[in-house]
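> sequence first, then the predicted structure, then my questions.
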Amino acid sequence: MDCFKGSRACVAMLLLAACPGGGGSDGDTSSTTTADDLTTGPPSTTIPLPPLDEGTSSSSGEATVGSTDDGTSTGSGTAGSTGPTDGSSSSSSSSGEPAETSSDGGPTVYEVEWCNIQYPPMVEVEVDEVFPVYSHVYVGGLTDQTEFTDPAPELIVEVGYSVDGSDPSTGVGEPWTWGTATPNVGYNMSSPGYMANNDEYQYDLAIPEAGIFDYAARISGDSGTTWVYCDLDGLSVGGYTPDQAGNAAVGQ
């Protein structure tokens, strides 16, 4: 007998497991539900997360490098250094603290970190004959601002002379005679001994008497209150020593 939905006979046959596809154990040809059927669901869809914005931290904890609107790079790295104390050129920048202002609002103070007598190491001249003396100086945050000489009112450079063997840094020997040097506006990459971090100052020296003399430079970063003395081998090599002064044979 055929089963029709809704008929009482069909209901009875279902109860007696007489209709094909019923729950009887004999002749059961219906499909069964397996464990695989239970665990297999509809295919899943993975939604990718949005990418990290530039300049944010990655999952590794390292800051990623982004860029600003003007195209310069940004990041968490440290920048800058205090600059070389031997006056040599360097790609690193200075500390950004070139000077200090006194607590009472006084003038700016610069630290003279390196200086020397650049040229000449010795001369033979006549009495009152003029010869140029060049001095190089390094002040972090000032002299390395540009590739040219960067003067400041508080930075004073002088060149002087005295009797051979006199020491201006200790006052031993004869007194020294000093004159104010001027920034060399022509100092550039084509200059002898050029170093971008240094500035060059020049003084035209003339010695009015015959004899053997020393000449040297002195530099103040506080408008002349204190001085650093400069010889041929530079401030960082033993300070000032008379045997490293420039030597002038005058009228010999």
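Done, it's in.

> from Gln145, how far out is Asn188?
Remark: distance between Asn188 and Gln145 (Cβ to Cβ, to the nearest Å) = 14 Å. All C-beta spots, glycine's among them, are computed from the backbone N, C-alpha and C.

> stretch 215-227: which residues count as buried?
Tyr215, Ala216, Ala217, Arg218, Ile219, Ser220, Gly221, Asp222, Ser223, Trp227 (16 or more other Cβ atoms under 10 Å).

> going by distance to Val139, which of those wins?
Gly221 (6.4 Å; Cβ to Cβ).

> strands paired with the helix or strand Val133 falls within, and their directions?
Applying DSSP states H and E as the criterion places Val133 in strand 131-138. For strand 131-138, the pairing partners within the sheet under DSSP bridges are strand 114-119 (antiparallel), strand 199-205 (antiparallel).

> include mean neighbour count and distance to Pro192 when you put the ones you listed into JSON lines, please.
Formatted as JSON lines, the strands paired with strand 131-138 follow (neighbours: other Cβ atoms under 10 Å; distance: least, Cβ to Cβ, whole Å):
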{"stretch": "strand 114-119", "mean neighbour count": "24", "distance to Pro192": "7"}
{"stretch": "strand 199-205", "mean neighbour count": "22", "distance to Pro192": "10"}
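
> indicate which one of those is closest to Thr182.
Ranking the strands paired with strand 131-138 by distance to Thr182, with Cβ to Cβ as the measure, places strand 199-205 first at 6.1 Å.

> what's the first helix or strand after that closest one?
strand 211-220.

> list the neighbouring strands of that following strand plus their orientation.
Here, using DSSP bridges, strand 211-220 pairs with strand 156-163 (antiparallel), strand 228-230 (antiparallel), strand 246-250 (antiparallel).

> who touches the shortest one?
The set of residues external to strand 228-230 that reach it, using Cβ atoms under 8 Å, 6 or more residues apart in numbering, is 112, 115-117, 135, 137, 168-169, 216-221, 235, 239-240.

> turn the strands paired with strand 131-138 into CSV, including distance to Gly193 and mean pLDDT.
Conversion of those to CSV gives the following (distance: least, Cβ to Cβ, whole Å; pLDDT from 0 to 100):
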stretch, distance to Gly193, mean pLDDT
strand 114-119, 6, 96
strand 199-205, 8, 98
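
> confirm for me that Ala206 is in contact with Val130.
Yes. Using Cβ atoms under 8 Å, Ala206 makes contact with Val130 at a distance of 4.6 Å.
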